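Peer 1: Fold the following for me, if possible:
(one chain, ligands or ions: 1)
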Amino acid sequence: MMTSRMLEQTPGITRQQLQDITVTILSDGYLEGTFALLNGIETDHAEALLRANGVSPLPSMNINACVVETAGHTILIDSGTGTPDGASGELPAALAAAGIDPLSIDTILLTHGHRDHIGGLAGPLQTPLFSNVQRLLGNEKGSLLIWGDIVHFPPIQIARPEVSIAYDRDPALAAKTRSALLDRVATDDISVCGMHFNLPTTAKLSRSGKSYALHYAM
Ligand SMILES: [Zn+2]
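Peer 2: As a prediction, the model looks like this:
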């Protein structure tokens, strides 16, 4: 029998209430990477930035997904890799731990079509509706911006937005877009949820010149 859910935190799950919307952020696990994917930063500097932010200096990229529950809909945003390999593919287990029945999901939004965001849709939940960035509830207090691949290594690319990764098809444009979005998020004091944040949670940004710092909500 399923007990009623509470707004409590477990290591792989964060739940937040935004007015009448409940946002549950879940970890799908992580992808093994390499710092050779990054352009514009040396490995020792990358490791130092990760350590300075209290996260592992290994080149692994966390993968998150979100469930947004409104009065009328249960919306899944991104779906993890869909491949239980000991590192990722944990979204179904995280949904179960969060008390969310996958069959209650009536809408799926995808930040974009990379494997670590769409792989989990190889099943009965195929409802493709693509969008680059989903914003809930405008600029008002209690709003949340959910982004996909704006950063893959948050402590590195938020401190140094000019650092691009091999997945950025146009590195110069990606860096410009990243800087502009970080500027807007810091200026407007917007809460953000990132699919590659180190934790399945939200964060706010502070600015120092052309650099930014990430402050996780937990
Ligand atoms: Zn990604």
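Peer 1: The lengthiest strand in the chain and the ion, are they touching?
Peer 2: Scanning the chain for the strand with the most residues, using DSSP state E, yields strand 21-32. No. Using C-beta under 5 Å from the ion, strand 21-32 stays clear of the ion, coming no nearer than 8.2 Å. To be clear about C-beta, it is placed using only N, CA and C from the backbone, and glycine gets the same treatment.
Peer 1: What helices and strands are in contact with that strand?
Peer 2: Counting contacts by 3 or more C-beta pairs under 8 Å, 6 or more residues apart in numbering; DSSP states H and E, strand 21-32 is packed against strand 13-18, strand 60-69, helix 91-97.
Peer 1: What helices and strands are in contact with whichever helix or strand comes after it?
Peer 2: Later in the chain than strand 21-32, the nearest helix or strand by DSSP states H and E is strand 38-39. Counting contacts by 3+ C-beta pairs under 8 Å, 6+ apart, strand 38-39 packs against strand 164-165.
Peer 1: quick one: strands adjacent to the strand it packs on?
Peer 2: strand 38-39 (antiparallel) (DSSP bridges).
Peer 1: could you give me the average pLDDT of the strand it pairs with?
Peer 2: In this model, strand 38-39 has a mean pLDDT of 95.
Peer 1: what's whatever helix or strand comes next after it in contact with?
Peer 2: Next along the chain after strand 38-39, taking DSSP H and E as the criterion, comes helix 43-52. If you take C-beta atoms under 8 Å, 6 or more residues apart in numbering as the criterion, helix 43-52 is touched by F35, L38, S56, P57, P59, F153, P155, I156, A159, R160.
Peer 1: can you pull the pLDDT of the first one?
Peer 2: Meaning F35. So F35 comes in at 95 (pLDDT).
Peer 1: Show the contacting residues for it.
Peer 2: I41, T43, A46, E47, P59.
Peer 1: any chance of those residues in a markdown table, with distance to I77 too?
Peer 2: Listed next are these as a markdown table, based on distance: C-beta to C-beta, whole Å:
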| residue | distance to I77 |
| --- | --- |
| I41 | 29 |
| T43 | 32 |
| A46 | 28 |
| E47 | 31 |
| P59 | 25 |
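Peer 1: just those residues now: which is nearest L26?
Peer 2: Comparing these against L26 with C-beta to C-beta picks out P59 as the nearest, at 22.6 Å.
Peer 1: ok, and the closest non-adjacent residue to that closest one?
Peer 2: G33 (4.5 Å; C-beta to C-beta, 6 or more residues apart in numbering).
Peer 1: next one: I100
Peer 2: V67 (5.5 Å).
Peer 1: Next: L182.
Peer 2: Nearest to L182 is Y212, by C-beta to C-beta, 6+ apart, at 5.0 Å.
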